[in-house]
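Undergrad: coords please:
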Amino acid sequence: MIAEVVRLLVTQVDALGAGSGASLTGFAGIDPTYRIAYVYWLSLAIVVVVVGGVYLLMRSRLGLALTAIRDDPTAAGSLGVGVTRAKRVVYVAAAAGCGLAGAMIVANTLRVQPGSIFSVDYSAMMIFIVVIGGIGTIEGPIIGALVFYALQDSLADLGNWYLVVVGLVAIAVTLLAPKGLWGLTRGRVELFPTGHRVGSR
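TA: Now for the predicted structure:
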């Protein structure tokens, strides 16, 4: 909904290319091979930084507050947790991550059009990745992204039928593994332990 509102606003601004979009001319003189390699390695570096940042965030005092808000925001607020402030921090951090991802997409395609960049496809893609990987974990979305792009590459020749297959995979994982593919480990493996335990002396 918000993406559609922003799309309608952008199409009214001539400086942004209006409805036809705009091209990224800064990389026009760079050899495509070097540009693709540059985008790949920079994207990989961003992924490492973002995953590391999420891990440190969840291990921090703010991460503990976010866990409390997830479980019961009213109870968390009554215990002194700044619910509104914590949600605002997460919103800004998520927006920054999405902005970085968008910048890499534009650097890869060299063109941005409102109809495609604000498409609901990106929202559906992110939901699919999180659901099949595992909600509430850092490892889950990583696994989900690998599975999604593996399916996308292997089923590219099927045209729109690949969407049907992806949908069936999502339904199967939801029914057979409600906690996602990473949930099948049943907590035996934790690459990014974010839980907090109360110890006793």
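
Undergrad: What spatial separation is found between the residue nearest in space to the middle of the chain and Ala96?
TA: Centroid-nearest residue in the chain: Met126, 5.5 Å away (criterion: Cα atoms, centre = their mean). Noted for Met126: a distance of 15 Å to Ala96, by Cβ to Cβ, to the nearest Å. C-beta coordinates here come from the backbone N, C-alpha and C atoms, glycine included.

Undergrad: got it, and Asp71?
TA: 25 Å.

Undergrad: before we move on, back to that, neighbouring contacts of the helix or strand hosting the residue nearest to the centre of the chain?
TA: Assigned by DSSP states H and E, Met126 falls within helix 120-133. Where contact means Cβ atoms under 8 Å, 6 or more residues apart in numbering, the residues beyond helix 120-133 that reach it are 3-4, 139-145, 147-148, 166, 169-170, 173-174, 180-182.

Undergrad: before we move on, what about stretch 151-170?
TA: 128, 131-132, 147-148.

Undergrad: where in the protein is pLDDT low?
TA: For the chain, the stretches flagged by pLDDT under 70 are 1, 28, 186-187, 193, 195-201.

Undergrad: re earlier: next SSE after the helix holding Met126?
TA: Trace forward from helix 120-133 with DSSP H and E and the next one is helix 139-154.

Undergrad: residue boundaries of the strands in the chain?
TA: 22-23, 111-112 (DSSP state E).

Undergrad: Just name the most buried of those.
TA: strand 111-112 (a mean of 16; mean count of other Cβ atoms under 10 Å).

Undergrad: Partner strands of it, with direction?
TA: strand 22-23 (antiparallel) (DSSP bridges).

Undergrad: From Ala145, how far off is the residue nearest to the centre of the chain?
TA: From Met126 over to Ala145 (counting by Cβ to Cβ), the distance is 9 Å.

Undergrad: and what of Thr84?
TA: Taken as Cβ to Cβ, the span from Thr84 to Ala145 is 31 Å.

Undergrad: could you pull out the helices for this structure?
TA: Taking DSSP state H as the criterion, the chain contains helices spanning 2-10, 32-59, 61-71, 73-78, 83-109, 114-117, 120-133, 139-154, 161-176, 180-183.

Undergrad: Can you give me the buried ones in the fifth one?
TA: Going back to what we said before, that points to helix 83-109. If you call a residue buried by 16 or more other Cβ atoms under 10 Å, then helix 83-109 has these buried ones: 83, 86, 97, 100-101, 103-104, 106-108.

Undergrad: which of those residues lies closest to Val51?
TA: Nearest to Val51 among these is Gly97, at 10.2 Å by Cβ to Cβ.

Undergrad: Please name the residues that touch that closest one.
TA: By Cβ under 8 Å, 6+ apart, Gly97 lies in contact with Val50.

Undergrad: nearest residue to Gly53 other than its sequence neighbours?
TA: Counting by Cβ to Cβ, 6 or more residues apart in numbering, Ala93 is the residue found nearest to Gly53 once chain neighbours are left out, at 7.7 Å.
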